[in-house]
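**Q** One predicted model, sequence on top.
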Amino acid sequence: MKAYIRSAIAISPQKTFNNPAFLDDPAEYRNSRLTSIEPDYSEAIDPRSIRRMSRIIKMSVASALACLKDAGIANPDAIVTGTAYGCLEDTGLFLTNIIQENEEPVTPVAFVQSTHNTIGAQIALLIKCSRYNNTFVSGGASFENALQDALMFLSENNAANLLVGAMDEITDMSHVVLSRLGLYKRQPVSNLNLFDTNSKGTINGEGAAFFLLTNTSSPNDLACIDAVATFYKPEAATELRQLIDSFLVSGSINYSDIDLLILGNNGDSKNDEIYSQLQQSVFNGIPSINYKHLCGEYPTSTGFAAWLAANIIKQNNIPVVLNQGKIPKNKINKILIYNHYQNIYHSLILMSSC
C-alpha cells in the first residue's frame with residue numbers, strides 16, 4: 001500500500017521552514033553541533049501555549065500545524081510520531097531537580113512533559129483530535145516504524161489522512177554525554193566539508209519533520225512512499241545485500257529502476273564503510289547524494305531525508321549543495337533512502353513520483 005505525501009514540513013539546521021527556496025542558501029557550521037533554525041513560533045502557536053512548551057515541542061507543533069495547513073486538513077484521522085530521545089530538555093530538568101532537592105519529592109510537571117508521547121499528545125490537544133495517536137520509540141528505527149504503522153493504517157481505512165512526524169533534539173547535557181562516548185569530531189570542521197574528512201566521529205544534529213499522508217491521490221501530491229523496511233544488526237555486508245535484494249524484489253523493483261540514492265554517510269570513517277561497500281556492489285552505477293552534512297546525525301534524521309526526497313521528486317531538482325558527482329540526467333521518478341544508525345538500525349525507504 002503506497003502513501004501519497006500531500007505536504008511535508010521540516011524545521012532543521014537549514015532554512016527549511018516555510019521557505020520556498022529549496023536549500024539554495026545552505027547554512028554553514030564550524031563545530032560538532034548543528035542546531036535547528038527556529039521560526040517565530042507566535043505566528044503558528046498561541047503565545048500563551050508557547051511559554052509552557054519545551055523547544056522540541058515547539059519545533060514539532062509548529063511543523064505539524066504548518067503541515068496540516070499546507071495540506072488543507074484541519075483534523076487528521078491519526079497522528080503517528082517517531083522519536084528516540086523524546087523531550088530531552090524536560091528530562092534533564094527533572095533529573096537536575098531530583099539532584100538539587102537531594103532526591104526529595106519534586107514537582108512532577110517536568111517528568112510528565114518529558115515522556116516521548118508528549119509531542120503527539122500536544123498536537124492532538126491543540127487541534128482537538130481524539131482519534132488514533134501513537135508514538136514509536138525504537139532508537140534509530142523510530143521514524144521508519146511510524147511510517148510502517150501509517151502504511152498499515154492507510155491500507156485498512158478508506159480515504160484516510162495521517163499526520164506522521166519525526167523529531168529529536170540536542171541539549172547541552174546530551175551533547176556533552178554523547179561527546180564523551182566519542183561520537184563526534186574532536187576538532188572543528190565545516191559541515192559543508194564534512195565528507196572531505198577521513199576521521200573518527202560525526203556532527204550532532206536535530207530537527208522535526210512532519211508529513212500529511214493519504215491513500216487518495218491529488219494533483220498537488222509531492223511524492224509517494226512505496227515501501228519501508230528496517231533491519232536490526234545485520235551480521236555482515238553480504239547479509240545486508242541479501243536483505244536489500246529481498247526488499248526490492250518484494251516491490252517488483254530492479255536496481256536499474258532507482259534514479260537516485262540518498263545515503264546516510266555522516267563523515268565518520270568507520271560508519272561510512274558500509275555505504276562504500278554497497279556502492280561498489282549492489283548500488284554500483286546508481287547516482288547518490290548524502291544529506292547529514294545539512295542536518296547532522298541523530299536517530300530520526302531519515303525524517304529530514306524523506307522531506308528532502310519528496311522535494312527533489314516534486315521539483316525534479318537536486319540542490320547544488322547536494323551534488324557530489326554523477327547525478328540523474330532525466331526525470332527523477334524513484335528515490336531509495338538507505339541509512340544506518342551506529343550500524344545497529346538499518347532502514348530503507350522507497351519513494352516515487354505520483
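**A** Sure thing, it's come through.
**Q** Determine which residue lies closest to the centroid of this structure.
**A** Using CA atoms, centre = their mean, the residue of the chain that lies closest to the mean C-alpha position is G303, 1.8 Å off.
**Q** Which elements pack onto whichever helix or strand it is part of?
**A** Element membership of G303, judged by DSSP states H and E, is helix 302-315. Taking 3 or more CB pairs under 8 Å, 6 or more residues apart in numbering; DSSP states H and E as contact, the helices and strands that helix 302-315 lies on are strand 3-11, helix 142-156, strand 161-168, strand 207-214, strand 223-232, strand 260-263, strand 334-341, strand 345-352. For the C-beta atoms, the positions are set from N, CA and C on the backbone; glycine is no exception.
**Q** Could you pick out the longest helix of this protein?
**A** In the chain, ranked by residue count with DSSP state H as the criterion, the top helix is helix 55-71.
**Q** For the helix or strand immediately after it in the chain, name the packing helices and strands.
**A** Using DSSP H and E, the helix or strand that follows helix 55-71 towards the C-terminus is strand 78-82. Using 3+ CB pairs under 8 Å, 6+ apart, the elements in contact with strand 78-82 are helix 118-127, strand 132-136, helix 142-156, strand 161-168.
**Q** Pick the most deeply packed of the ones you listed.
**A** Each of the helices and strands packed on strand 78-82 was given a mean neighbour count from mean count of other CB atoms under 10 Å, and the largest, a mean of 28, is that of strand 161-168.
**Q** tell me which helix or strand of the chain sits lowest on mean pLDDT?
**A** Every helix and strand of the chain was ranked by mean pLDDT, DSSP states H and E. The lowest is helix 109-114, at a mean of 66.
**Q** Any chance of the helices and strands packed on helix 302-315 in CSV with mean pLDDT and distance to S269 as columns?
**A** Conversion of these to CSV gives the following (pLDDT from 0 to 100; distance: least, CB to CB, whole Å):
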stretch, mean pLDDT, distance to S269
strand 3-11, 98, 28
helix 142-156, 96, 25
strand 161-168, 97, 24
strand 207-214, 98, 24
strand 223-232, 97, 22
strand 260-263, 96, 15
strand 334-341, 98, 15
strand 345-352, 98, 19
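**Q** In this protein, where is pLDDT below threshold?
**A** In the predicted model of the chain, residues 109-112, 114, 324-326, 328-329 satisfy pLDDT under 70.
**Q** any idea how it splits into domains?
**A** 3-214, 223-352 (automatic domain parsing).
**Q** residues touching T107, list them.
**A** Taking CB atoms under 8 Å, 6 or more residues apart in numbering, we find T107 in contact with N97.
**Q** what are the phi and psi values for it?
**A** Phi and psi for T107, reported as degrees, to the nearest 10, are phi -60, psi 130.
**Q** what about P39, is that helix, strand or coil?
**A** In three-state terms, and counting by DSSP: H, G, I helix; E, B strand; the rest coil, P39 is coil.
**Q** Just give the number of residues close to it.
**A** P39 has 18 neighbouring residues, counting by other CB atoms under 10 Å.
**Q** Near the closest residue in space to it that isn't next to it in sequence, how many other residues are there?
**A** Computed as CB to CB, 6 or more residues apart in numbering, the closest residue to P39 that is not its neighbour in sequence is F17, at 5.0 Å. Other residues near F17 come to 19 when the count uses other CB under 10 Å.
**Q** what does E28 give?
**A** E28 has 10 neighbours, counted by other CB under 10 Å.
**Q** how much space between the closest residue to it other than its chain neighbours and A209?
**A** In space, and not counting its chain neighbours, E28 is closest to L192: 5.3 Å by CB to CB, 6+ apart. Using CB to CB, to the nearest Å, L192 is found at 21 Å from A209.
**Q** neighbour count winner among the two?
**A** Counted by other CB under 10 Å, L192 and A209 do not tie: A209 has more neighbours, with 32 against 15.
**Q** quick one: contacts for the more buried one?
**A** 8-12, 63, 165-167, 303-304, 306-307.
**Q** Recalculate using a threshold of 6 Å.
**A** A10, A166, G303, F304, W307 (CB atoms under 6 Å, 6 or more residues apart in numbering).
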